[in-house]
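[1] Sharing a sequence plus its predicted fold:
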Amino acid sequence: MASPKEIPRYTISIPEYTLNKKPNYKRVGKIIDKALQKYFLGKTVLVRCISSADHNNKKIEELIKIITTTGSDRYDRKRKMVCHDFYAKHNPDIFASPLKITEDIEFMHEVVGDFYEGAKEDRGYPVRVDIIILYDPQKLKMIKKVYGNQEESDCFTFKDSKNKTKALLGVIRVL
């Protein structure tokens, strides 16, 4: 397994991004998009965003250490994923979004909004994106037809499940 020092780690600060009130999705998303551009411009990546709130017994730094040493935040296979009953038959390793990092991307506002609004529906409370994991799409395989006959999905498995860290391109912590 890779040493945590080998995986690039970045931190961005967005003090106004709290759950005390509905976040300004466009503003917060734009700040995160700029970080993606700064560190990954020109690359095609798989973006996985997580919230430490979904890992209630783990601090953010502890989660990042797990991710950089194992290649994934899925450290406990017994722990059920969100909407587990629906996804269990497909057995994804991760959920992620393919993204070409260009100078004009406008991507993260949707994710920030989904974490705030969508999590209310799934979990009963909003969550905040505080860790962004970037993967090499060549090192993962998309699970097709998860959503009916739709070819593409956001579900992926690692091609080399014994060496997931080789798929990691970097981790961004959002303060």
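    Cool, the structure landed.

[2] going on from the lowest-mean-pLDDT helix or strand in the chain, what's the next piece of helix or strand?
    None of the helices or strands of the chain scores lower by mean pLDDT, DSSP states H and E than helix 84-87, at a mean of 59. Next helix or strand after helix 84-87 toward the C-terminus (DSSP states H and E): strand 94-95.

[3] now the strands for the chain?
    In the chain, the strands defined using DSSP state E lie at 9-12, 44-50, 94-95, 97-100, 131-135, 140-142, 155-158, 168-174.

[4] Looking at the ones you listed, which is nearest to Lys38?
    strand 9-12 (8.2 Å; Cβ to Cβ). Heads up, the C-betas are built off the backbone N, CA and C, glycines and all.

[5] Could you pull out the buried residues of the closest one?
    Neighbour counts over strand 9-12 (16 or more other Cβ atoms under 10 Å) mark Tyr10, Ile12 as buried.

[6] Likewise for stretch 155-173?
    Cys155, Phe156, Phe158, Lys164, Thr165, Ala167, Leu168, Leu169, Gly170, Val171, Ile172, Arg173.

[7] need the contact list for the closest residue to Ile67 other than its chain neighbours.
    Nearest residue to Ile67 in three dimensions, chain neighbours excluded: Asp73, at 5.4 Å (Cβ to Cβ, 6 or more residues apart in numbering). When contacts are counted by Cβ atoms under 8 Å, 6 or more residues apart in numbering, Asp73 touches Arg48, Ile50, His55, Leu63, Ile66, Ile67, Ile131, Ile133.
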